[in-house]
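Visitor: Based on what follows, work out the 3D shape:
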Amino acid sequence: MVDIPLDRLIDIGMANLRRNQDEFRSAAKLLDPNKTPEQILHELESDHPAPDHLLEAFRNTFSDLRKFIADKHIVTIPSPVPPIVEETPPFMRAMTMASMDTPAPFENVAKEAFFNVTLPESAWTPKQVEEHMEGFNRGTVISTAIHEAYPVHYVQFLWVQHAPSKVRKLLGCSSNAEGWAHYTEQMLLDEGYGRTPGIPEEKDTSFLKLRLGQLQDALLRNARFIVGIKMHTGQMTFDQGVEFFEKEGFQSHSNSLRETKRGTSDPTYLVYTLGKLEIIKLRDDYRKKVGDKFSLEDFHNKFLEQGFPPVKIIRQAMLGDNSPTL
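Guide: Residues are numbered from 1 along each chain as shown. I've put the predicted structure just below:
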């Protein structure tokens, strides 16, 4: 349900890319004004768990995230059972760093949900291993745990089980699911997740590192937005796509190759940034509608209880109009 022309979509994607690049540079300057953003990024990428501790690093984030979500009344989590963290199955490793596999809404036997994490291959060189692990720096581990588990894909799946109709349980839209995920990565930090009590944000080193990790992930999604459209409309070659991910998206070469490969078969992986921007606008418009009665938890619960149809349909349900999604 997106009727925005492609050239306008590219303008929207590039504007958000530039905004996130500016915010990244500002946060990097606060962290260390004597270093370039590239130097800061390299240091952040070097701060990652050892490969054999990566799965445990993800598991350790779950309880902290759940507590923050409950304490801050972010969203209702329908089940206390966490997903199972495991290594990504071999057939999925070529084009994904992390993913969530959840049972279908009518499944009555295999009810487990699996959080998949791609570990380095045993045949890789030390350089290849390090490049891969740079994609799992400490900030990115947290933002990925947010995206795949709490309070995003796993929590949204728990809500879909209670969607209002069979159609809403079975059919959905990626700009909703991935938009909700990408929106939440930023929203949780905006609400204070990872902040050190008593320390101003601009001096909170650990929080600034988290913010930079979140922004690096946002730039990854910005690059997907542009590369996905341009490769499939003849405006960009594969090699130019790799270069765009590296230079504009601030990604490692190995991750840029993986992401561009994914883009060759997925021209619509713009859905992350697109959906995020649609949800932010919906939240702002809903806040205007309800005024002082606005509650972030209420907004998020009302959003998730719809299932995961296009955001345009949720706008109609929550606002009662057909106003533009962007």
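Visitor: The closest residue to N116 other than its chain neighbours: neighbouring residues, count only.
Guide: Excluding the flanking residues, the one nearest N116 by Cβ to Cβ, 6 or more residues apart in numbering is T88, at 4.1 Å. C-beta here means a position set from N, CA and C on the backbone, and glycine is covered the same way. By other Cβ atoms under 10 Å, 19 other residues sit near T88.
Visitor: With S46 instead?
Guide: S46 has 11 nearby residues by other Cβ under 10 Å.
Visitor: Distance of it relative to Q214?
Guide: 18 Å (Cβ to Cβ, to the nearest Å).
Visitor: Show the contacting residues for the closest residue to K72 other than its chain neighbours.
Guide: The spatially closest residue to K72, leaving aside those adjacent along the chain, is E191, at 5.7 Å (Cβ to Cβ, 6+ apart). By Cβ atoms under 8 Å, 6 or more residues apart in numbering, the residues touching E191 are 72, 74, 296.
Visitor: tell me the phi and psi of E191?
Guide: Dihedral angles of E191 (phi, psi; degrees, to the nearest 10) stand at phi -80, psi 0.
Visitor: That one and T184: what is the separation?
Guide: Distance from E191 to T184, by Cβ to Cβ: 10 Å.
Visitor: before we move on, what about H300?
Guide: Using Cβ to Cβ, H300 is found at 9 Å from T184.
Visitor: Find residues that contact each of the two.
Guide: P151.
Visitor: Give me the pLDDT value at the closest residue to P51 other than its chain neighbours.
Guide: Nearest residue to P51, sequence neighbours excluded (Cβ to Cβ, 6+ apart): P120, at 5.2 Å. For P120, the pLDDT comes out at 93.
Visitor: what's near enough to touch P120?
Guide: Contacts of P120 (Cβ under 8 Å, 6+ apart): 51, 128-129, 132-133.
Visitor: how about 6 Å then?
Guide: 51, 129, 132 (Cβ atoms under 6 Å, 6 or more residues apart in numbering).
Visitor: Give me the buried subset of those residues.
Guide: 129, 132 (16 or more other Cβ atoms under 10 Å).
Visitor: Which of the contacts of P120 fall within helices?
Guide: 129, 132 (DSSP state H).
Visitor: Quickly find the element holding S99.
Guide: Per DSSP states H and E: S99 is located in strand 98-101.
Visitor: Can you tell me what sits against that strand?
Guide: Here strand 98-101 makes contact (Cβ under 6 Å, 6+ apart) with 114-117, 144, 148, 153-154.
Visitor: Can you list the helices and strands that the following helix or strand past it packs against?
Guide: Using DSSP H and E, the helix or strand that follows strand 98-101 in sequence is strand 114-117. Contact analysis of strand 114-117 by 3 or more Cβ pairs under 6 Å, 6 or more residues apart in numbering; DSSP states H and E lists strand 84-87, strand 98-101 as its packing neighbours.
Visitor: if we can go back for a sec, can you mark which positions in the strand holding S99 are buried?
Guide: Of the residues in strand 98-101, those buried (16+ other Cβ under 10 Å) are 98-101.
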